[in-house]
Each structure stands twice: as structure tokens, then as C-alpha cells.
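[1] Predicted model, plus sequence, below.
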Amino acid sequence: MKTLRYFFRLAAPYWGSPSRWYAWAALAAVVGFAMGIIEVGAKIARWNKAFYDALANYNAEAVPGLIAQYLLYIAVIVFFVVTGNWIRKKLLFDWRTFLTRDFERRWLSGHRHYLLRFGGKVDNPDQRIAEDALQLADQTINLVKYFLMNLFKLFTFVAILWEMSGMLEFTLAGRSFAVTGYLVWIALVWSAFCTLLTHLVGRHLQSLYVEQQHREADFRAVLLGVRENAEQIASLGGERAEFGRMGRSFLAIAKNWKALIARELRLECFTASYLRITMFIPIIAVLPLYLARTMTFGDMMQARSAFMNVQDGFGWFMDYYKRIMAWAAVVQRLGRFEEALGAVRLPRSGGGQGAAPGDALDVRGLVLETPQGRVLSSPLSMRVPQGAWWMLSGPSGTGKSTLLRTLSGLWPSFSGSFALGPGEALFVPQKPYLPHDTLRAVLLYPKSGGADDGRLRAALRTVGLGRLSDSLDLELDWGSVLSGGEQQRVAAARILLMKPRILFIDEMTNQLDEASAREILSLLKKNLPGCSVIAVTHQKELSDLFEGRVPWRPVPA
């Protein structure tokens, strides 16, 4: 039931929107073409009787016309299959696009992509957005299509099989019995029995599919980590250690895979046997009628075809059991991801109405906490004047960076209040983010405009990157091309272009030597005279650039 609740919650925004009427029309077309295939199949079942009776009676004159009729049926089926699949693929991608964009928006809103790292409730959101959204759309549409197709098939061929079954009379324990439509009842009982056995054999597949997706995603994350940290690994000679980590991660995949294929082996042994046995059941069931000459050979072939189609309709759950379990695994992963997004504790405003005139920041009784509720600091109160530069110092690992994240609106776990003055606030971490894009886009990130080329080149020259002035339209992975110090100079150029009113700096110059770090900070102070700065730095030789100190008192761990 939880899987169904997840599914309806995931499907409702798309399928419940009035603007998505065309999706329902496309689904109806997909199902309509599928039912058309069944209807033609029913005509072929009747054709079987005429064709095999013609063969049995050596009626050569009827054969060419029957062959032409069969070719026409095949042409119609091909048209229905190709057109239905084309519409299905268009519908699939439209729903996948909606799911992907919706999850992207929710993942990126309210800093959830950052805060999810601290909750520990969801793994590999990238896989869930990129792969699971596609699998949900694909598998759902296919399951709905084939369910309705089999349901229509069931009703279509039950009528044929019921008519052909007639009445079976037999004596048991001295009593006479008459069963109408006995072939239908045989198909129903056989399918129910096999469906129960299928569930008993394969009921653990869903959890194994979920775990397999989880372990595959973890393995890709290890590989991605090696790619992103190639220089650090190479400099430490860590290839052997990484090979070991990859091996352990892949071993987890292999272990679950063995359990999965062992369970699938049991299921496939049963289903393979079931399919072969099913082929003979209708022949055995109608053989007495044929031998009694109350049924022609063509009747027997038609009954066999109708029985197989009725059995398919009754046995849909069994035939699609593995697909249903795989679908349920995808729904579970996306449903839990959605739950985790909804459960994220979002950053809140500091609680104040704004700093007093002349102040950039007003903090009152601020106490930092971990997401689990552990207190990180003693109550902090301070007022930072507009344009002032204050330093936040203290031992590593005592929550200084967390304080900056809190004041910049990234950290949700705190008590007390703080208020910012007017203007834009900016948090600058020690490792800036440089997306794979043109240098112009990197400098303007996250905006896409607002500065002409002259300003961009001037900012590069100011921070000592004048050699890149003619590379604004060059698209590269700048995070790999530039050194750590050059990346921090790019961050300084961004600050000059954005002109924030308050700046939170976390070890922004730790990749630069003392002279270069002093040069960069002095440039910021000169070019942004009204900007207030609160900085974390362990470069004590830069302390003379700051007029005040934050009264930081961490709580011992």
C-alpha cells in the first residue's frame, strides 16, 4: 500500500493537471492501438479455424484468399504497433521531462541539495532524478498499457472460448455433473494457482531490486569521486587505495546481484515450466471432444489460440511479476526521495526585522546546533557596523564556518535571532564553484548577464588574471584548468562584479601566499568601501586588515 501511496503522489502533479489533457489523449491512443491489436488477434483466431479446416479438407481454392486475408491482418497489426509505440515514446518523454524538471526545481529550492547531505535519509539524488524518473515514466506506461491490453484480451477471448467449450458432462462418485464453459474455468484455476506460486517464489525481488539500484549508485559515486579528485589522489599515490575502495563497492554489487539472480532463477524455472505446460493444457482439455468428432481440427486450433489468450489475460500478474517488482523498486526510491525533500528543515530568516540604521548585522543570543540538536556554541550577540571588517578566529572544527553559513541563510539549525542590513549578502567558501562553461558565465555565475566585456576584463586584471582577458568565450572545465590560488582569484573577481553589501568569507585566500592574499583582500576593501566583511582565516598575518573580532565562544565537543 505504501508503494501505491508513493505512486499516486508522484503521478498526481502530471496526470492531475487540466493542462495535461493531451497526455490522457495520448494514453488513450496507446491503449486504443493495443486493443486494436487484440481485436485483430481475435479475427486471426477465427481465421485459424477456417484455414486449418481448409487444410484438413484439402480445399485448395480457399487457401489463397485466406493467405491474403492473413497478410492484411499482419499489415494492420504492424501499423497499430508502430503508431502506438511512437505515441507511447512521445508520452513517456513528456512525463519524464515533467518529473525531471519538478525534482530538479524542488531539489535546488531552499538549498535542499545542500541540506540533504546532513539528513542521511536519501542517497544519490542524481541517480533518482536522471534514471529513476525515466524508469517510472517508462515502466508505468508500459504496465498500464499491457494491463488494459490483457484485460481487453481476456473479455474478447473469454467469449470465444466460452462459446467453443459448450457443456462438459461427467460422472463423479456416482453423481452426474455438467459444467458450462469448462475451458474458461480450467484457464482461470490454472492461472490462479500459478500466480500464487509466482508470488511465493518471487516476493523478495522488490527489496533486492531496490538494494541493487542503491549499490550501483554508490559504485558510480566512488568512480565520480576519483574523477573529481584525480590530482589529490595522484599526488598522494592513492591509486591502490582507490582500487581497493572500488573493489569493495563493486563487491557489494556482486553480492546483491548473486542473491538477485538466485531469486530470479527460481522464478524463471517456474515460469519457463509453466509456459511449456500451458501450451499443452488446451490440447489435452479439448482432445476428448476432438476424438469424439464433436469438434473439427480447425475448432481445436481455434480453441487452443483462444485458451492461450484467455490464460494470458488471467495470468497477467504472473507474466509481469518481475516488471511489477522492478517498477515498485523505482517508485520506492522516488517516493523516499520526495519524502526526504519534504522533510528537509529549510533555512529560516534570522528572526529580526532588519539591522538598525548604520549596522550591517545585528545578532542577538544566537546559538548554533547540529541537525541532530547538539549545541555548538555559547550565545552570540554582536552588532557589526556598515563597512566594517571583522575577523572570526578560533581552533579548527569549532563551528566557525557553520556560523557564516547560518548568517548567510544556509544553515537551518539555530536558536536566537539575527538581522541583516539592506543590500545583497554573499557567502564565499574556500573552494569556489567553477562550472564547466565559458569564462564569462563562470565570472557572472549564478547570473547570466549584468556586466559588459569591459567590466569582466577589468575585474580579471584587478585580481591578477589579466592573461585570461581574451578567453571570455572559451568553454573549459575551469575548476581543473586553474590552480587553487587562481580559482580563489576568480572568486574575488566575482565579488567585485556582484558588489555585495555584506560578505561572509570562509578561508577564501588559503591557497594564496601572504603577499597575494593581502593584495586580494586589500583590493576588495578598496573597491567595495561600503561592504561589511566577516571572515574566517587562519592567516594571522592578515589580522591588521580587520578592525574587529567576533566574540566567538564554541562549546567543547
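    Cool, the structure landed. Note that this is a predicted model, so its numbers are computed, not measured.
[2] Quick check: closest non-adjacent residue to the residue nearest to the spatial centre of the chain.
    For the chain, the residue sitting closest to the mean C-alpha position, by Cα atoms, centre = their mean, is residue 128 at 2.0 Å. Leaving aside its chain neighbours, residue 128 sits nearest to residue 337 (4.6 Å; criterion: Cβ to Cβ, 6 or more residues apart in numbering). Every C-beta, even on glycine, is put in place using the N, C-alpha and C of the backbone.
[3] Next: residue 152.
    Using Cβ to Cβ, 6+ apart and skipping residues adjacent in sequence, the residue nearest residue 152 is residue 35, 4.6 Å away.
[4] and what of residue 218?
    Nearest to residue 218 is residue 249, by Cβ to Cβ, 6+ apart, at 5.8 Å.
[5] and the longest helix that the chain contains, how far out from the chain's middle?
    For the chain, the longest helix by residue count, based on DSSP state H, is helix 239-291. Offset of helix 239-291 from its chain centre (Cα atoms, centre = their mean, to the nearest Å): 26 Å.
[6] Show me what it is packed against.
    Judged by 3 or more Cβ pairs under 8 Å, 6 or more residues apart in numbering; DSSP states H and E, the packing partners of helix 239-291 are helix 182-202, helix 205-228, helix 297-314, helix 316-319, helix 321-343.
[7] Give the rounded mean pLDDT of the fourth one.
    Average pLDDT, helix 316-319: 66.
[8] Then the longest one?
    Helix 205-228 carries an average pLDDT of 79.
[9] Quick check: buried residues in that helix?
    Buried residues in helix 205-228, counted by 16 or more other Cβ atoms under 10 Å: 205-219.
[10] What are the contacting residues of it?
    123-124, 127, 132, 233, 242, 245-246, 249-250, 252-253, 256-257, 259-260, 263-264, 267, 321-322, 325-326, 328-330, 332-333 (Cβ atoms under 8 Å, 6 or more residues apart in numbering).
[11] filter those to the buried ones?
    With burial judged by 16+ other Cβ under 10 Å, the buried subset of the contacts of helix 205-228 is 123-124, 127, 132, 233, 242, 245, 249-250, 252-253, 256-257, 260, 263-264, 267, 321-322, 325-326, 328-330, 332-333.
[12] okay, residue 43: pLDDT?
    In this model, residue 43 is scored at 84, pLDDT.
[13] for residue 105, same thing?
    Per-residue pLDDT puts residue 105 at 90.
[14] could you point out which element follows the strand or helix carrying it?
    Here residue 105 is covered by helix 62-108, with elements defined by DSSP states H and E. Using DSSP H and E, the helix or strand that directly follows helix 62-108 along the chain is helix 112-119.
[15] centre of the chain versus that following helix, how much separation?
    With Cα atoms, centre = their mean as the basis, helix 112-119 stands 16 Å off its chain's centre.
[16] repeat for stretch 521-528
    Mean-position distance between stretch 521-528 and its chain equals 44 Å (Cα atoms, centre = their mean).
[17] Please apply the same query to stretch 215-232.
    18 Å.
[18] Send me that stretch as CSV with only the CA atoms.
    C-alpha atoms of stretch 215-232 as CSV (Å, rounded to 0.1, in the frame of the first residue of the first chain):
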residue,chain,number,x,y,z
ARG,A,215,24.7,-0.3,-4.6
GLU,A,216,25.0,0.6,-8.3
ALA,A,217,24.6,4.3,-7.5
ASP,A,218,27.2,4.0,-4.7
PHE,A,219,29.7,2.4,-7.1
ARG,A,220,29.2,5.3,-9.6
ALA,A,221,29.7,7.8,-6.8
VAL,A,222,33.1,6.2,-6.0
LEU,A,223,34.1,6.4,-9.6
LEU,A,224,32.9,10.0,-9.8
GLY,A,225,34.9,10.8,-6.6
VAL,A,226,38.1,9.6,-8.3
ARG,A,227,37.5,11.7,-11.4
GLU,A,228,36.8,14.8,-9.3
ASN,A,229,39.8,14.3,-7.0
ALA,A,230,42.2,12.9,-9.5
GLU,A,231,45.0,15.4,-8.7
GLN,A,232,44.8,14.8,-4.9
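[19] which residue packs closest to residue 327, ignoring adjacent ones?
    Residue 327's closest residue in space is residue 139 (Cβ to Cβ, 6+ apart), at 4.3 Å.
[20] The one you found falls within a helix, correct?
    Yes: counting by DSSP: H, G, I helix; E, B strand; the rest coil, residue 139 is part of a helix.
[21] and it, what is it in contact with?
    For residue 139, the contacting residues are 323, 326-327, 330, by Cβ under 8 Å, 6+ apart.
[22] starting at the chain centroid, how far to the one helix or strand residue 134 maps to?
    For residue 134, the element it lies in under DSSP H and E is helix 133-165. From the chain centre to the centre of helix 133-165 is a distance of 28 Å (Cα atoms, centre = their mean).
[23] For that helix, buried residues please.
    Under the neighbour-count criterion of 16+ other Cβ under 10 Å, helix 133-165 has 133-143, 145-146, 148-150, 152-154, 156-158, 160-162, 164-165 buried.
[24] got the buried residues for the helix or strand hosting residue 22?
    Counting by DSSP H and E, the element that carries residue 22 is helix 21-56. Across helix 21-56, burial judged by 16+ other Cβ under 10 Å covers 23, 26-27, 29-31, 33-38, 40-42, 44-45, 47-55.
[25] Any buried residues in the longest strand along the chain, and which?
    In terms of residue count, the longest strand belonging to the chain (DSSP state E) is strand 359-368. Using 16+ other Cβ under 10 Å as the test for burial, strand 359-368 gives 359-364, 366, 368.
[26] Looking at the residues you listed, spot the one nearest residue 492.
    Residue 492 has its nearest neighbour among the buried residues of strand 359-368 in residue 360, at 19.7 Å by Cβ to Cβ.
[27] Look at the closest one and report its pLDDT.
    As predicted, residue 360 sits at a pLDDT of 83.
[28] and if you look at residue 287?
    Residue 287 carries a pLDDT score of 74 in this model.
[29] likewise the one 3 residues further on?
    According to the prediction, residue 290 has pLDDT 73.
[30] returning to what we had before: just confirm the residue nearest to the centre of the chain is within a strand.
    No: using three-state DSSP, the assignment for residue 128 is helix, not a strand.
[31] how is this structure carved up into domains?
    2-343, 359-549 (automatic domain parsing).
[32] contacts for stretch 285-296?
    Stretch 285-296 is contacted from outside by 49, 53, 56, 164, 166, 182-183, 186, 297, 299-300, 303-304, 307, using Cβ under 8 Å, 6+ apart.
[33] about what we covered before: so what's the gap between the longest strand of the chain and the chain middle?
    Distance of strand 359-368 from its chain centroid, counting by Cα atoms, centre = their mean, is 39 Å.
[34] mind listing what it pairs with, with the direction of each?
    Strand pairing for strand 359-368, using DSSP bridges, gives strand 380-385 (antiparallel), strand 414-420 (antiparallel).
[35] Any idea how far the longest one is from the middle of the chain?
    In this case it means strand 414-420. 35 Å.
[36] what's in contact with whatever helix or strand comes next after it?
    Next helix or strand after strand 414-420 toward the C-terminus (DSSP H and E): strand 425-428. Identification of contacts with strand 425-428 by Cβ under 8 Å, 6+ apart yields 404-405, 407-410, 491, 495, 498, 500-506, 508.
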